[in-house]
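Enquirer: Just need the structure, nothing else, for what follows:
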Amino acid sequence: MLNVFRENIKRLAPILWVVIAVFVLLVFADYQGQGTNEASPYSAAATVAGEPITYNEFEQQYRSLENRLQQMYGEAYTQELAQQMGVPMQAMNTLISQKIVLVEADRMGLEPTEDELRRAILEVPALQDDQGRFIGFEEYRRVLRANRIDEADFERSMREQVLLQKLNDVLAGTVWVSDAEIRREAREQAESASIRWLRLSPADLAEPVTVGDEEVRSYFEEHRADHQVPERRRVAYLNVNPSVIESALEIPAEEVRRYYEEHPEEFTREEQVRAEHILLFVNAERTAEDARARLEEIRRRVEAGESFQAIAQEVSEDEATAARGGDLGYFGRGRMTPQFEEQVFAGQQGELIGPFENQLGPRTGYHLVRVVARQEGGLQGFDEVANRIDVRLKDERARLEAEARASRIAEALADQAALAEQDLREVAEREGVELQITEPFARDEAIPRIGRGTPFADAAFALEPQQAGEPVRIASGWAVPVVLEVIPSRPAELADVEQEVRQTVTDKRRAELVVERLEQARAAIESGTPFGEAVAALGPEPQESGAFTAGGTISGLGRAPAVARAALELEVGEVGGPVSTPAGPVLFEVTAREHFDPATLEETADSIREQLIGEKVGALLQSLVERRRAELEINFSRQFLETFEVAPPQGS
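Expert: This is a model prediction of the structure:
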């Protein structure tokens, strides 16, 4: 790609600034997280056909999705709602779909040419200055390097965008949009309404709701068929714990030394510096001289004994570090701009450096830096790392031995029928492992020391009674399960589910009361009481929606198609609802209406046709993704699943 810029250097000029700014934010966010997150932002949270989805990509998509949901739902968007909606897995599924589409484009033989890639970069509005000229090859590389943006990553991202567009163009050539479809869409886009609305949820009710025992019993009898005590199983398992094995291991000193000598790359540490900084930008209100003078004054204050961190929190314009006193953490060479590193790596621990100038993309800044600590590079001494090697070798050996021992135990028990608890105790004593026996549990219940929805539960419910299963990974190592008892499923009695039923009846009654209150308010409005006055006693304040269409979102309600349809059937001043929504029923009054004018169809037909083609292409892509998802290997890292407490989709 670099030679493409060389060949076109004469007719191109300064660009890249907005895209560079975006990359600076993302890269800096990644850098700041490296010292605190267990996983690197660049390590894989999942893979699709071997292609990684990094934690960096996931975090960006997750934040983007949360922002959209907050805009759609407003204050109704809570962490509880996010959990119900499965936002982390939604974000991950979007990224999986993107990877699948790229894999499909590659399978179809689509490949961007260098000319297409060059044009794509040059046509991005953010990559053009007032004259639309390229900054030049050397400046291009310098800007990327100064902002810690990998040139190959930048161009690979652009290449993927071109590839997706080519696939989109291929699919667009296969779809057809009729005049009737265009007319229907034009009507839906032109028809709009504005409403004044109030949503009432059961939680908004001030009055307590109590239900009697007879009401609970009556509801249970009417819905007895809905309540079943699930099958439960009591399971014994032989727990082969690597930690127990490790505690008995001894690694010979010569083996530790040999590992050290054969793997020097693992113990070679780069030179690192930990620094704090105060950054002031040059801008319309502050010249370079002003910035330097201000930092000179701050330097004198620090030298006089004032807290560097307190001043950084007060004045630094680096939004990412100011709150923590300008702390940049430890960093090696190649992480910051060359100007910054030249100054800081030359400093000694405790030394104040600056003010000095630094070019941060299109912006000029001045830094005052305090070197907090230095960590010299080079091969660490054997004595420094010997204990770490010993722990690693013990851990690896214990894990391998635990897996092998569990397999031997399972193989030895495989042909034995009617295994009893005493048989397993004898095996546990002979093999030096622990025997655990669970309380009866259902398939979807949490198992102490193991968890909910684990492979252990799946294995337990697939086994015949008194037969040993294959080894299963659990938190404490390996488990060889044996089902001791099967308690069959049976129809529930009220005593089994009374708390659940009482809560259901209470929730149902509260929901009915909410609808009653809104219906009373509607009757008052239709009798002449102003909307605001009629709903004043209900609690929440009425809100104004602004204009929306049948397929659009309603401010504060998000996508509420039932409310939109009801509003578009009414005229100004008419009242609708209560209309059910996931967050509670909505009562509304229409405050404005716009109707479709067929005379405008000719003006909008072409743009609507393009829109509908895009939607049909999207549907094709979705169908393609669903089909290929069932065929491609998709794996999730254990850390991703545990951190976000999600289960991978079936078939993944």
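
Enquirer: Residue 578 - how many residues pack around it?
Expert: Here the number of neighbours of residue 578 (other Cβ atoms under 10 Å) works out to 21. In this view, the C-beta of every residue, glycine as well, is placed from N, C-alpha and C.

Enquirer: Direction included, what does the helix or strand where it lies pair up with?
Expert: Residue 578 belongs to strand 575-579 when elements are defined using DSSP states H and E. Using DSSP bridges, strand 575-579 pairs in its sheet with strand 586-594 (antiparallel).

Enquirer: Could you give the average pLDDT over the strand it pairs with?
Expert: Strand 586-594 carries an average pLDDT of 94.

Enquirer: do the same with stretch 359-371
Expert: Stretch 359-371 comes out at a mean pLDDT of 87.

Enquirer: What of stretch 598-616?
Expert: Averaged across stretch 598-616, pLDDT comes to 85.

Enquirer: Quick one: residues contacting residue 331.
Expert: Taking Cβ atoms under 8 Å, 6 or more residues apart in numbering, we find residue 331 in contact with 31, 272, 273, 274, 275.

Enquirer: How about residue 239?
Expert: By Cβ under 8 Å, 6+ apart, the residues touching residue 239 are 433, 434, 435, 436, 474, 476, 477, 478, 479.

Enquirer: you'd agree the first one is up against residue 238?
Expert: What that stands for is residue 433. Yes - in terms of Cβ atoms under 8 Å, residue 433 counts as a neighbour of residue 238; the distance is 5.2 Å.

Enquirer: Touching the helix or strand that contains residue 185 from outside, list them.
Expert: Assigned by DSSP H and E, residue 185 falls within helix 179-190. Contacts made with helix 179-190 from outside it, assessed by Cβ under 8 Å, 6+ apart, are listed as 549-551, 594-597, 600-601, 604-605, 608-609, 611-612.

Enquirer: From those, list the buried ones, please.
Expert: Among the contacts of helix 179-190, those scoring as buried are 549, 601, 605, 608, 609, 612 (criterion: 16 or more other Cβ atoms under 10 Å).

Enquirer: Is the fourth one located within a helix, as I assumed?
Expert: By that I understand residue 608. Yes - following the definition DSSP: H, G, I helix; E, B strand; the rest coil, residue 608 is counted among the residues of a helix.

Enquirer: What's the separation between it and residue 559?
Expert: 21 Å (Cβ to Cβ, to the nearest Å).

Enquirer: follow-up on the earlier one: what's the average pLDDT for the strand holding residue 578?
Expert: 93.

Enquirer: Just give the nearest non-adjacent residue to residue 94, would you?
Expert: Here the nearest residue to residue 94 in space, its sequence neighbours aside, is residue 61; by Cβ to Cβ, 6 or more residues apart in numbering that works out to 5.7 Å.

Enquirer: Please report how far the closest residue in space to residue 465 that isn't next to it in sequence lies from residue 442.
Expert: In space, and not counting its chain neighbours, residue 465 is closest to residue 483: 4.9 Å by Cβ to Cβ, 6+ apart. When distances are taken as Cβ to Cβ, residue 483 and residue 442 turn out to be 14 Å apart.

Enquirer: Have a look at the two and say which one is more surrounded.
Expert: Applying other Cβ under 10 Å to residue 483 and residue 442 shows that residue 483 carries more neighbours, namely 22 against 16.

Enquirer: what secondary structure does the more buried one sit in?
Expert: Residue 483 carries the three-state label strand when classified by three-state DSSP.
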